[in-house]
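Enquirer: Got a predicted structure plus its sequence, pasted below:
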Amino acid sequence: MFRKIRIAVLFFVLANVVVGAWATRVRTTGWHRPLSVTIHVINGDDSAASAAYIDRLLAMDEVEMDEFFGDIEEFFMREGERYALPTDEPVDIVFAGVREAPPPAPPRDGSPLAVMAWSLQLRFWSWRNDDYDALQDGEIFVIYFDPERSRTLAHSLGLQKGLIGVVNAFATPHMTAENHVVIAHELLHMVGASDKYDPVSNAPLVPDGLADPHREPLFPQRAAEIMAGRIALGPREVAAPRSLGEVVVGNVTAREIGWMD
């Protein structure tokens, strides 16, 4: 009898997880209303540069904050209009302030069990560090680093399970637009988009990673596909987009996130 009860309880828990995941997927990829995403910021290296950058954010009023993150919302509005979404505001960004605790670092070995354990730790950490009381669909933690100390940054990430993003960014105003390209990229991971670049060379995959795979001649491309993250100037030549104005959502990505059939 005890064994049957235990199995029934486990089945009930599993069913709730499956139904909850399905409901979250439907809610966040229906696009009949804005996807509400809160952004938290973290000083990743305890540097004066990162502290100063974050202090500038904290000093902004509501209008200035809307302008600061406005390029991300405008990107989704522009691209959503191309795909005739039922809402004219696909993404609503809300600034949620500073978080002191850094997220758990991803595993070095990358084994499935280690990644699974880390994913659960990250979701638990996110729950413990989220005291923002507004209704939200997902949240992104942006960790800032002084570019004079860190010339390169670890990969950012976005998890569909839990709708959590962790973005490593440079704490300098002239990199803000590039930082926001990364935020948009990870946000799309959170709603089901996959990477479309070669993990070894970082070059866009052909054709899925090209902004215009039907262009003749194919190269140079004029923009970057958001999940490829690079503008393909030639078969082996790429350039980083300087802002979201040089980025588009390709058809394959649009299908993955529910923007087209």
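Expert: Done, it's in.
Enquirer: how close does residue 103 get to residue 121?
Expert: Residue 103 sits at a distance of 9 Å from residue 121 (criterion: CB to CB, to the nearest Å). C-beta here means a position set from N, CA and C on the backbone, and glycine is covered the same way.
Enquirer: between the two, who's got more neighbours?
Expert: residue 103 (20 against 15; other CB atoms under 10 Å).
Enquirer: Which residues lie in contact with that one in this structure?
Expert: By CB atoms under 8 Å, 6 or more residues apart in numbering, the contact set of residue 103 is 42, 122, 125, 126, 141, 143, 166.
Enquirer: How about the secondary structure of the second one?
Expert: Right, residue 122. Judged by DSSP: H, G, I helix; E, B strand; the rest coil, the three-state class of residue 122 is helix.
Enquirer: Might one say that it is in contact with residue 161?
Expert: No: using CB atoms under 8 Å, residue 122 makes no contact with residue 161, being 9.8 Å away.
Enquirer: and the two? which has more neighbours close in?
Expert: Taking neighbours as other CB under 10 Å, residue 122 and residue 161 compare with residue 122 leading, 21 against 15.
Enquirer: Local confidence estimate at the more buried one?
Expert: On the pLDDT scale, residue 122 is placed at 85.
Enquirer: Now do stretch 54-64: distance from first to last residue.
Expert: Across stretch 54-64, the straight-line distance between its terminal residues is 14 Å, by CA to CA, to the nearest Å.
Enquirer: which parts of that stretch are buried?
Expert: By 16 or more other CB atoms under 10 Å, the buried positions in stretch 54-64 come out as 54, 57.
Enquirer: can you give me how far it is from the chain middle?
Expert: 22 Å (CA atoms, centre = their mean, to the nearest Å).
Enquirer: Nearest residue to residue 104 in space, please, no chain neighbours.
Expert: Among residues not flanking residue 104 along the chain, residue 121 sits closest, at 4.5 Å (CB to CB, 6 or more residues apart in numbering).
Enquirer: Kindly apply the preceding question to residue 150 instead.
Expert: residue 45 (6.7 Å).
Enquirer: ok, now how distant is the one you found from residue 229?
Expert: Relative to residue 229, and taking CB to CB, residue 45 is found at 24 Å.
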